[in-house]
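1. Need a 3D model of the sequence below.
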Amino acid sequence: MESKEVNVGKYVSRHLSQLKILARMLEHELESAKGGAEVAIDREVVESALDTLEIFVDDCENATGGARSRGGKSGEAKPVVARLN
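-> Numbers count the residues shown, from 1 in each chain. This next block holds a predicted model:
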């Protein structure tokens, strides 16, 4: 069982690049706000950020066995992520 945990760790670390890109994009948006209290982000940017997070979560759930391993309902419908790029 330990070997599966190690493989999942490697899998997640390889896929962290998606989240690193997302973090850099959000940092850029904050810097573009010129230090103001409010940040205006285009709807497309928010949708892309959500898609990136959902894809990452889905990939991790698939690698670890999904909601079944956490006691989720076996008949529960899984959300579908539409990739826009």
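2. Count the neighbours of Asn62 for me.
-> 11 (other C-beta atoms under 10 Å). Where you see a C-beta, it was placed from the backbone N, CA and C, and this is true even at glycine.
3. Quickly find the element holding it.
-> According to DSSP states H and E, Asn62 maps onto helix 43-64.
4. and that helix, which residues are buried?
-> 48-49, 51-52, 56, 59, 61, 64 (16 or more other C-beta atoms under 10 Å).
5. Give the other helices and strands that it contacts.
-> Judged by 3 or more C-beta pairs under 8 Å, 6 or more residues apart in numbering; DSSP states H and E, the packing partners of helix 43-64 are helix 2-32.
6. in the helix it packs on, what's buried?
-> Going by neighbour count (16+ other C-beta under 10 Å), the buried part of helix 2-32 is 22, 29.
7. Now do that helix and helix 43-64, the angle between them.
-> Per axes from the mean of the first three to the mean of the last three C-alpha atoms, to 10 degrees, the angle that helix 2-32 makes with helix 43-64 is 170 degrees.
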